[in-house]
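>>> What follows is a predicted protein model with its sequence.
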Amino acid sequence: MDTSNRVGGAPSPRSWRTPGFVVACGCLIAMLAFGPRSSMGLFTAPLSEAHGWGRDVFALSIAIQNLVWGIGTPFAGALCDRYGPALVLGISGVLYALGLALMPYADTPLMLHLSSGLLIGLGLAGASFGIVIAGFSRIVPPEKRSWSMGVATAAGSMGQFLFAPTGQAFIAAYGWQTALILFGASMLVIPVLASSFAGAGGSKSAQAVTGADIGFAATIRQAFKHRSYVLLVTGFFVCGFQLAFITTHLPPYLTAAGISPGLASWAMALIGLFNVVGSYMSGVLGGKMSKRLLLCANYTLRGLCTALFILLPVTPVSVILYAAAMGLLWLSTVPPTSGLVVLMFGTRYLGMLYGFAFLSHQVGGFLGVWLGGVLYERVGSYDVVWWASVALAFAAAVVNWPITEKPAPALAAEAKA
């Protein structure tokens with residue numbers, strides 16, 4: 001019997017929908033979904049100037065996007081856990097495409113918030129690497145899970161590397177409006193690729209998932225009683241604050257400091273390129289050493305690199321070095337974070353539980369983007385937010401240190417009750 005089309009079943013090795021093929025499609029989805037989102041900073045100046053808006057308007061829109069992305073992720077994860085990733089990825093890809101295509105026609109702040117904020121945020125909630133990782137956890141053997149999480153995250157980074165210079169080239173050649181429409185059209189490939197996940201696991205799967213099945217409500221209750229999970233979720237807030245601030249505000253920060261728009265876009269691309277290496281290595285190392293220590297090291301190095309960058313003069317060399325360093329650290333928090341969730345609770349509710357961690361990440365992203373725009377308009381500088389990012393990095397290292405790397409005892413006890 002061919003199990004590749006069975007609800008909740010893992011793909012059969014004899015089917016064309018093999019685990020290797022699904023991983024390849026998932027990586028392409030992660031690459032496509034992360035590309036436009038990581039290139040939003042390229043549109044800050046041209047979109048604001050075209051409408052006569054301050055940067056705080058676009059910053060609020062991207063902040064809303066981050067918040068909606070975060071709020072929507074636990075729900076998208078729960079749907080993924082229940083029905084499998086194919087449906088969630090397909091619908092979300094369409095929403096993402098619609099949001100990007102409507103951005104050029106947003107002639108009021110409200111319309112901008114609805115398109116780039118609400119629609120793209122919903123699209124990202126169900127089409128980003130979090131859902132892809134949840135899907136991978138159902139089809140790869142346990143010894144390969146950390147690796148697959150690193151591969152999915154690295155693929156998202158490749159999207160940043162490819163889309164950042166491509167977006168700048170589209171803006172230069174066709175204008176920012178057409179660039180956004182072209183980005184939107186590329187998102188329509190996601191539903192096609194998502195069909196490869198059909199049958200890749202839902203809550204009825206007995207062989208693809210691990211962890212106690214005590215229901216959504218009980219799982220959430222026990223997760224937030226588990227100290228290590230709460231610490232993990234808290235630390236992930238800082239990751240979101242830093243990444244969202246840099247993604248949106250680094251390009252205009254650099255151009256204001258005398259760096260060319262071309263180099264500013266390549267700085268974002270370099271972050272994506274080096275993050276391919278960083279994310280992949282994080283996934284590999286997460287299968288061999290302490291995930292908690294990986295997170296502590298990441299946040300500490302982020303704080304040190306950012307402090308040096310803002311203390312030294314902004315030059316092409318410093319920009320390239322900072323982009324490379326941050327790239328190595330950019331999304332390398334994702335494999336150990338998702339890996340710790342699997343270690344604590346298994347894969348049965350990975351989509352939902354990682355989703356709550358990601359919600360914390362996106363609340364941080366909301367504040368990083370929004371505060372960057374508001375403070376720039378009020379004081380004409382990003383300095384306060386830069387230094388806040390440094391302080392939060394060291395705080396996150398401290399928060400992650402006490403995490404216990406073992407299954408959550410309370411969840412196991414309730415499952416036996």
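Yes, it's here.
>>> which stretches of the protein aren't confidently modelled?
Counting by pLDDT under 70, the low-confidence segments of the chain come to 1-17, 199-216, 410-417.
>>> Going by residue numbers, what spans are strands in the stretch 51-200 of the chain?
Assignment of strands within the stretch 51-200 of the chain using DSSP state E, counting those that start in this stretch yields no ranges at all.
>>> the helices in it, which residues?
Counting by DSSP state H, counting those that start in this stretch, the stretch 51-200 of the chain has helices at residues 55-83, 85-102, 109-112, 120-127, 129-139, 145-174, 176-187, 189-194.
>>> and what of the stretch 301-417 of the chain?
So, for the stretch 301-417 of the chain - with DSSP H, counting those that start in this stretch - the helices run 316-329, 334-345, 350-379, 383-400, 409-416.
>>> Format the ones you listed as a markdown table; extra columns: mean neighbour count.
C-beta coordinates here come from the backbone N, C-alpha and C atoms, glycine included. Putting these into a markdown table (neighbours: other Cβ atoms under 10 Å) gives the following:
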| stretch | mean neighbour count |
| --- | --- |
| helix 316-329 | 20 |
| helix 334-345 | 26 |
| helix 350-379 | 24 |
| helix 383-400 | 19 |
| helix 409-416 | 14 |
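>>> just so I know, which of these lies nearest Arg292?
helix 383-400 (5.8 Å; Cβ to Cβ).
>>> now what about that closest one, what contacts it?
Residues from elsewhere that reach helix 383-400, judged by Cβ atoms under 8 Å, 6 or more residues apart in numbering: 231-232, 234-235, 237-239, 241-242, 245, 249, 292, 295-297, 299-300, 302-303, 306-307, 310, 368, 371-372, 375.
>>> circling back: let me have the helices of the stretch 301-417 of the chain in a markdown table, adding distance to Gly258 as columns.
Rendered in a markdown table, the data for those read as follows (distance: least, Cβ to Cβ, whole Å):
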| stretch | distance to Gly258 |
| --- | --- |
| helix 316-329 | 10 |
| helix 334-345 | 34 |
| helix 350-379 | 17 |
| helix 383-400 | 17 |
| helix 409-416 | 54 |
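>>> Phe170 is nearest to which of those helices?
With respect to Phe170, and counting by Cβ to Cβ, the nearest of the helices of the stretch 301-417 of the chain is helix 316-329 at 20.8 Å.
>>> Return the residues in contact with the residue nearest to Leu118 when sequence neighbours are not counted.
Spatial nearest neighbour of Leu118, excluding adjacent residues (Cβ to Cβ, 6 or more residues apart in numbering): Val68 at 5.7 Å. For Val68, the residues meeting the contact criterion (Cβ under 8 Å, 6+ apart) are Gly117, Leu118, Gly121, Leu122, Ala125.
>>> CSV please, covering those and showing neighbour count and distance to Arg55.
Below are these laid out as CSV (neighbours: other Cβ atoms under 10 Å; distance: Cβ to Cβ, whole Å):
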residue, neighbour count, distance to Arg55
Gly117, 26, 15
Leu118, 18, 20
Gly121, 28, 19
Leu122, 23, 24
Ala125, 28, 25
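>>> just curious, which of these is nearest to Ile91?
Using Cβ to Cβ, Leu122 comes nearest to Ile91 of the contacts of Val68, at 9.1 Å.
>>> The residue nearest to that closest one when sequence neighbours are not counted: neighbouring residues, count only.
If you skip the residues right next to it in sequence, Leu122 has Leu95 as its closest partner in space, 4.9 Å away by Cβ to Cβ, 6+ apart. Neighbours of Leu95 under the rule other Cβ atoms under 10 Å: 21.
>>> And the one 3 residues further on, by the same measure?
Burial of Leu98, expressed as a neighbour count using other Cβ under 10 Å, amounts to 18.
>>> wouldn't it be in contact with Leu119 here?
Yes - the criterion here is Cβ atoms under 8 Å, and Leu98 meets it with Leu119 at 5.5 Å.
>>> In contact with Gly77, which residues?
Applying Cβ under 8 Å, 6+ apart to Gly77 gives the contacts Gly130, Ile131, Ala134, Tyr349, Leu350, Gly351, Met352, Leu353, Tyr354, Gly355.
>>> wait, which of the residues you listed is closest to Ser196?
Distance from Ser196 was checked for each of those by Cβ to Cβ. The minimum falls on Ile131, at 13.2 Å.
>>> Could you double-check that the closest one sits in contact with Ala76?
Yes - using Cβ under 8 Å, Ile131 makes contact with Ala76 at a distance of 6.0 Å.
>>> Cool, thanks, talk later.
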